[in-house]
Structure formats: C-alpha cells, structure tokens
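In: A structural model of the following input is requested.
(2 chains)
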There are 2 protein chains.
Amino acid sequence: MRKERLFTPGPVQIPERVLKVLGEPIIHHRTPEFKEIFVYTRELFKRMVDSPSENFVYFASSGTGAMEAAVVNFFRPGDKVVVINAGKFGQRWGEIARTYGLEVVELSYEWGKSVDIDQLEETLNKNPDTKGVLFQISETSTGAYHDYKAIGRLCKERDCLAVADAITALGVYNIKPEEEGIDILIGGSQKALMLPPGLSVLWFSEKAQKQLNKELPKYYFDVAKEVKKQKEGTTAYTPAVSLILGLRESLEMLLEEGMQKVEERHRLMSLATRRAVEALGLRVFPEKPAISVTAIYSPQAEAIRKEMLKLGIRTAGGQDHLKGKLFRISHMGYLDMLDHLSAIGALEMALSKLENDPTLLGKGVKEFQKVVLEERKIS
Amino acid sequence: MRKERLFTPGPVQIPERVLKVLGEPIIHHRTPEFKEIFVYTRELFKRMVDSPSENFVYFASSGTGAMEAAVVNFFRPGDKVVVINAGKFGQRWGEIARTYGLEVVELSYEWGKSVDIDQLEETLNKNPDTKGVLFQISETSTGAYHDYKAIGRLCKERDCLAVADAITALGVYNIKPEEEGIDILIGGSQKALMLPPGLSVLWFSEKAQKQLNKELPKYYFDVAKEVKKQKEGTTAYTPAVSLILGLRESLEMLLEEGMQKVEERHRLMSLATRRAVEALGLRVFPEKPAISVTAIYSPQAEAIRKEMLKLGIRTAGGQDHLKGKLFRISHMGYLDMLDHLSAIGALEMALSKLENDPTLLGKGVKEFQKVVLEERKIS
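Out: Predicted coordinates for the structure are as follows:
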C-alpha cells in the first residue's frame, strides 16, 4: 500500500470536495442552470482578486493560452515590451511576444535570480515608449519570486501595462491587481486553484481595457469578444464545464479560508520546508524564494526524486539546463501541514539511504516542526 | 487547511477506489446483476481465508451482531464455554453468552494482558465438557494480541469450538481458519476491510456446522437459513448493497496485495510505531501488542489526543476504566507508511507542546524511519 501525493507545481492534489463535483454528471453549457453557476464563479473570482470589475475571462486552455491572449489582445506589432527572463516561463513570455512581432527588451537573469527592481526602473526610464512589462510573479522553473507589487508601482506611474503571469501565484498570494497596479493577471486551474488542467483565467485593468485592439490576429483567444459574452453569463465557445463546476468549489474553499490566510499558509509551509531542507544540508535554489514552490539544488536531484517517489511523494525535477540538478516541492493544492511533514520525512529517508547517513533521519522534520509550532504559538 | 486522518480502530480511512463505488447509484438486490457481484465477493472471501468452504454468511449488522449469531446458532442453553476476558470485547463475549443462558467459565486477565495458553489448557482439561472458547484475536480496547493459533490447536484436539472475534484482525493477520483450527471467525466491515460500518461476516468450520442448532431463539441472525440462501447467491433479508459493492473492491485490493504482505505491512507499521512511541518516552500498553492497533498509556492521553486532532490525526481514547489513560493509534484501513510517519510527527508536536520539550521533535520520526528503512533493506 502506497499512496502517491502530488507535490508537483501543477497538477496538484485536488480536494475531495472538488473531486466529488468533477465526478457529477455533466450539464449542458447553454442552460440557465449552467449560466447561474458560471455567473456565480465570476462573483467568487471578483472576491478573490478584491475587485468589482467584470473585466476578466475564463478560457478552456492551459495557462500558456492566456499568456498568448495577453499578448495578442493588448499589444500591437512593433510595441516595445520589457520581458523579465529568469527562467523557463520568463523565456516563454519572450517567445510569445516575438512570435507576434513585438519588440522585446529582455532583462535576463541567471536562473534562480529575481528581477532587480532598480534595473527595471532604469530600463523603463531609458525606454519611455515601453508598452508593457511581462513577468512571472512566481517563476515556477526556479522557484524564484519577482516582486510584483514593485513592478506594479513602476508601471502605474507610466503608460505601460504590468502583465503578470500568476499561474503559480493566483490562489497562493493575496493578489489585489487593481490596488497593486497589475494590469493583466493570468492564472491556470491546475495550480493553486486545485483543479485539473484545462482552464485559464485572464483579468485586466481599466488601463489595459483601453489598450484592447484588433491589430494582431486572434480568434479563440479574442478577449473583447469573450469578455462581452462572459459579462452576459455565457461564453463565445464551449466552456470547460466540469472545471467551472469544480472552480465554484475551489474558489469557495479559498474564500472560506480567506485569501490572507491562504497566503499565510503557503508562507508557513514554504518557510518550514526551506528550514528543513537546509537542516538536511541541501541548498534552496532561488535567491528570493516564492512561497508556491521550493526549488532545491542537488547534483543527486534525480536519485532523490526517485527514492521519494518510491515512498509516495511525487516531486518535479529541474527544467532545461537544470534537469538533474534541481528538484521542486510544491506547496500548492490540497496539501496540509502533515502532508508537508511526510514529504520532509520521505526526503530524509531518501537522503539517508543515498548518502548512507542515518543521522539525517528526523533532522529535517524537527526543523519543520519547530517552525510550525513557533507560528502556532504566535497566532 | 487541515485534513482529518482516521487513525481510529474503526471506522478507518477508506480507499478512493472503494469510495468511488460507494458513491455509485444503488442497484436492486434481487437482480442477476447484484447476484453476480454477491457471488463474486464470496469467491474473494474464500480466497482471503484460504478455504473453499461455502460455510460463511454476511450480515447487515455491526460485528457485535455476528458475535451474537455465533452464540445463538452454535451453542445451546447450559453449554459450558470458556471466555477469554482481558478487555471490553472479551467482556462482551461473556455478556452475550450469559444473555442466552450459557455457562460461562471466564478466564479474566487484567486489561493489557493476553491469554495465558497454559492456563487455558489447564482450564480445558479441568472442564472437558467445554463446548467453546470465545476470544478476540486482537482485543481492540487494550491493543493486546491473543495467540489464536495456539487456541486453535487446543480446540482442535477437543470437542470444543474455537470462536474468534476477528473484528480487528480479519484483513490484518493472514488468518487461515480451516488450517489453524478456528471454528468460527467473525469480521466487521469498518475495520481492516476498509469499508463503512454496517456489514459483518461469520465464517464457520465443518466441526462448527455440526453444532448448528435451533435451540436458542433467533430470527435475523439465523445462520442455517442465511447460509442456505447465500450459497444460492442471495440473502434471507435485504443485504447492505453498497457495502457489498465496496467489499468487492476492498477484498480485491487486499488480495492484489496478498494476505501475507498485508500482515507484514501491519506488522511493520505497528513495530515502527511502537519504537517511535517508546523513543518519545511513552509506554506501549499491552504486554503482547496486536499489529492492528497500538494502545499507548499516558496520564495525558486526552490532552495528547486533543492536540493531535488539531493537527489532523484522529486517534481513539481508552475505554471504561482506562478512559483518559490510553490513546490508541490504529494501523488498519487505507493508511500508508507516510500517513503513519505524519501521525508520529503530530504526536511529537503534541507532546513537545504539552511538556514544553522541543527535544522531542524528530525523535520518534527518526526511530520510525529507521525501522522502515531497515525492513526495506532486508526485503
């Protein structure tokens, strides 16, 4: 008997409450019944991002689809954009932007680093015609955090859109895009929204709305067409019905917990994990770690992952040039404190076996427990 | 976010595979469709107890119902029976037997003790007219093990039925009643069969079959009537349909694992738990612990249970005079190694908080891990 626990940064462990709904008979999407649910999920989403605006759309697509939608709906060929590239997903922003003929000014960082806000400000000052800054809040490939609030502030002062890929940040951080100067916010279902893959969301500000245009070709990812329909409680094309039904549950769960508490939970679990990992002599990879996923550097990454999987913990590996050198433990999805404790326990067992060092046993768990108990004492 | 994990000795954690079936639309019990499933579960059960005999019945009842059925179908008023009483469930055997006018010779032991086989042999020698020995394989209230194979051997030589309450032993130990001289074997669904409560099973040997009689009153628990029906693939009264559908899954799961491996799994988890508990300075309560449930003595039992529950682990307390002095961690049901590790982690956190002793953190987990890794090295 061995249960597999998904500690991967998407897909994630899905709550029973959501699974139950996903298993229910499908309803047709052109019915008052579905419309009511659809509209209700939009109300919930507005509460999650703390904004009454109806300017957002769901797509039946992965998160990358919504990234493409951001580029083709809010920019024009030749528009200058600054891309923060410090990992696989920053790189993706550049690829999409170039595909559509945008002029990309790339702020490249070594993988594991975060954006240097002063350098970004300088770049924006040097390029006053910049139409957007494209970045990740959490760069999933390296576990790095980019200070989205600082980026939001810089863009707010300028004629420039802050375009946040929040695919592994929405449902983790208590993001308030309107207040925080984020103009486009993108999320994906299979991350902290605790759903199967296949649904993305794109929220946009009033400032972004003014930039909506038809210059770049699009059909499926036409935000203007889609948002008009969705404001009326329907969709331009067939929606991902089951995922919308599931979204109702997962958004309710997040809101019942409260977005501030949700952020605190991820903060605590990631902190306790980092302390445990360091106690075991491993190195947390990113300089400024995100709270959604912890990336750990080890030349033995693949062997560790394999041993952990045997014990019931599925982690993610490194991507591209970090393949075999990183393993990543996600904090998103339906994972509670004891799930995390068991992941640390499995990591210790894996390491102790690989390094033939029984003194590692209990060492990480102890640090993990200390952090958790300390927090419980405070709150 | 906090998940509750049932570490109680019934009900237990139910596998997703079983839950899925329990959630399916109900089927009618007088249909060929149900009959086929019913007969199939009987085939599976025969494989589990390693006997081709059709001499067993399912009841829609808790395990106690099947205990009563054992008394009223296989004994007569005035029959002498030896009851092994070393806990709440041994006591229950005495109560049922006396209710129906059997003559009870009670071998009483302090709670936590196990049967003294020499003393039992002596008693049987002194009482050659003993018709049955009524006992538990695992005394759930104290976590004690009674050596059922030794009892089986003693009864085999005599004109006496070995009547085993295996409610927390069936699906834990690789019990082969025919080979091991057990004449009546009783199980309950909500224990190691990994189902909700409401289904019991009573298996009986050829020797027991000869004792089937109508002298004591019974209607619902009429084994002769029920076994005739069930051999034909039906039931005398409405069966617990969903539980039978679930039983198909849980028996398949147990048989896929293999009953020997199932026993080894419980043996390992209980051993690792005992070592962890002792490393934390606590005392395992029974002299000869069963592998289905670990009972731990502590004057702080209730406070420990409360703290563990806050962290997501539901344990059982002590019963009767041991209320407040015992807590019990079950190893039955859908709980894997990492679930157990997390329970030990929670226990440490609870203790360290109550005793204000951070040195306890990681201490039990370490011992737990050592036992598991040692076993993995061997096998």
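In: from here on, just use CA atoms for contacts and neighbour counts.
Out: OK.
In: tell me the mean pLDDT for the host helix or strand of A:Val365?
Out: Assigned by DSSP states H and E, A:Val365 belongs to helix A:363-378. The average pLDDT for helix A:363-378 rounds to 91.
In: run the angle between it and helix B:363-378 for me.
Out: Counting by axes from the mean of the first three to the mean of the last three Cα atoms, to 10 degrees, helix A:363-378 lies at 150 degrees to helix B:363-378.
In: now do the buried residues in helix A:363-378.
Out: A:Lys363, A:Gly364, A:Val365, A:Lys366, A:Glu367, A:Phe368, A:Gln369, A:Lys370, A:Val371, A:Val372, A:Leu373 (16 or more other Cα atoms under 10 Å in any protein chain shown).
In: quick one: contacts for the first one?
Out: Listed by Cα atoms under 8 Å, 6 or more residues apart in numbering or on different chains, the contact partners of A:Lys363 are A:Ala276, A:Ala279, A:Leu280, A:Glu348, B:Gly362, B:Lys366.
In: would TSV of these with distance to B:Ile182 be doable?
Out: Compiled in TSV, these are given as follows (distance: Cα to Cα, whole Å):
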residue	distance to B:Ile182
A:Ala276	50
A:Ala279	53
A:Leu280	51
A:Glu348	44
B:Gly362	43
B:Lys366	39
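In: ok, and the closest non-adjacent residue to A:Gln136?
Out: A:Asp165 (4.6 Å; Cα to Cα, 6 or more residues apart in numbering or on different chains).
In: pretty sure the one you found is touching A:Leu185, no?
Out: Yes - the criterion here is Cα atoms under 8 Å, and A:Asp165 meets it with A:Leu185 at 6.2 Å.
In: can you list the residues of the stretch 251-379 of chain A near chain B?
Out: A:257, A:311-312, A:334-339, A:341-343, A:345-346, A:349, A:353, A:358, A:361-366, A:369-370, A:373 (Cα under 8 Å from any Cα of the partner chain).
In: what subset of the residues you listed is buried?
Out: Using 16+ other Cα under 10 Å as the burial test, those include A:311-312, A:334-339, A:341-343, A:345-346, A:349, A:353, A:358, A:361-366, A:369-370, A:373 as buried.
In: can you count the residues close to the residue nearest to A:Thr359 when sequence neighbours are not counted?
Out: Spatial nearest neighbour of A:Thr359, excluding adjacent residues (Cα to Cα, 6+ apart): A:Ser352 at 7.5 Å. For A:Ser352, the count of nearby residues is 20 (other Cα atoms under 10 Å in any protein chain shown).
In: need phi/psi at the residue lying closest to A:Glu249 once chain neighbours are set aside.
Out: The shortest distance from A:Glu249 to any non-neighbouring residue, by Cα to Cα, 6+ apart, is to A:Val18 (5.8 Å). Per-residue torsions, A:Val18: phi -80, psi -40 (degrees, to the nearest 10).
In: check A:Pro11 too.
Out: According to degrees, to the nearest 10, A:Pro11 has phi -60, psi 160.
In: SS state for the spatially closest residue to it that is not a sequence neighbour?
Out: The spatially closest residue to A:Pro11, leaving aside those adjacent along the chain, is A:Gln190, at 4.8 Å (Cα to Cα, 6+ apart). Under DSSP: H, G, I helix; E, B strand; the rest coil, the three-state class of A:Gln190 is coil.
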